[in-house]
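>>> just a sequence and a predicted model for now, questions to come.
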Amino acid sequence: VSRPFSVLKSSIEITKMRLLTHNLLTSQQSASDSEACFTLEAREVQVRDSPLRPDFIRRLFPTLHWGSLRQAAAAVDVQLPEEVGDELLRDEAFLQAIHHVLFDIHVLEGDLICAETGRRFPIANGIANMRLETEDDGDDQGSQSMAVAADDG
C-alpha cells in the first residue's frame, strides 16, 4: 500500500547532526584530497540513547579520523584517549563510550569551522548549512550548497 509523502513525512522523526556526520565531512574548499576536517563548536546538544552494536563500532573504527573525533568530543565535554590500541577495541565500556559519542550526541546549534580556510558553517536546528558563496560573484550563480542533516546510523 502506497501512502502520500506528506503522511510518511509526518511519521518520521528527524535526527539531528551527529558527531559521526561531523567526522565524515571533508571541506569543499580543500585544494587536496587530504584530511580536510572541520572543527566543531557546539552551543546546544541533545543526548538520545540508542542501543550499542559493538561489532558495528569495531568495523567502523578504522574509518574514523581519530584527531577530529577527539576534538568534536571535547567540544561536547567528552574526553577520549589520545591513542587507541587493540585492547580498547575489546573493552565493552570503551565501545559504549565511542558509540555514545558517535550516535547518541546530536548537535542542535553550533558551527563547523573549516580547518583550511577558517570559514564558518552554522548548524541550526541540527542541520549544518554548508553553503559556499564565492566572494567574487554578486549573484547566486557562483554559489554552491550542500545541506548536511542526519545520518541514519
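Arrived safely, thanks for sending.

>>> give me the element residue 46 is part of.
strand 38-47 (DSSP states H and E).

>>> quick one: mean pLDDT over the longest helix seen in the chain.
Among all segments of the chain classified by DSSP state H, the helix with the greatest residue count is helix 66-75. Taken as a whole, helix 66-75 carries a mean pLDDT of 90.

>>> and the contacts of the next helix or strand after that helix?
Next in sequence after helix 66-75, counting helices and strands by DSSP H and E, comes helix 86-89. Helix 86-89 has contacts (CB atoms under 8 Å, 6 or more residues apart in numbering) with 58, 61, 81, 94, 95. C-beta here means a position set from N, CA and C on the backbone, and glycine is covered the same way.

>>> SS state for the second one?
Following DSSP: H, G, I helix; E, B strand; the rest coil, we place residue 61 in the helix state.

>>> so it touches residue 98, yeah?
Yes. Using CB atoms under 8 Å, residue 61 is in contact with residue 98, at 7.2 Å.

>>> more neighbours, those two?
Shown here are residue 61 and residue 98; by other CB atoms under 10 Å, residue 98 has more neighbours (23 against 16).

>>> now do the contacts for that one.
By CB under 8 Å, 6+ apart, residue 98 lies in contact with 57, 61, 80.

>>> gap between the last one and residue 88?
With the distance defined as CB to CB, to the nearest Å, residue 80 ends up 10 Å from residue 88.
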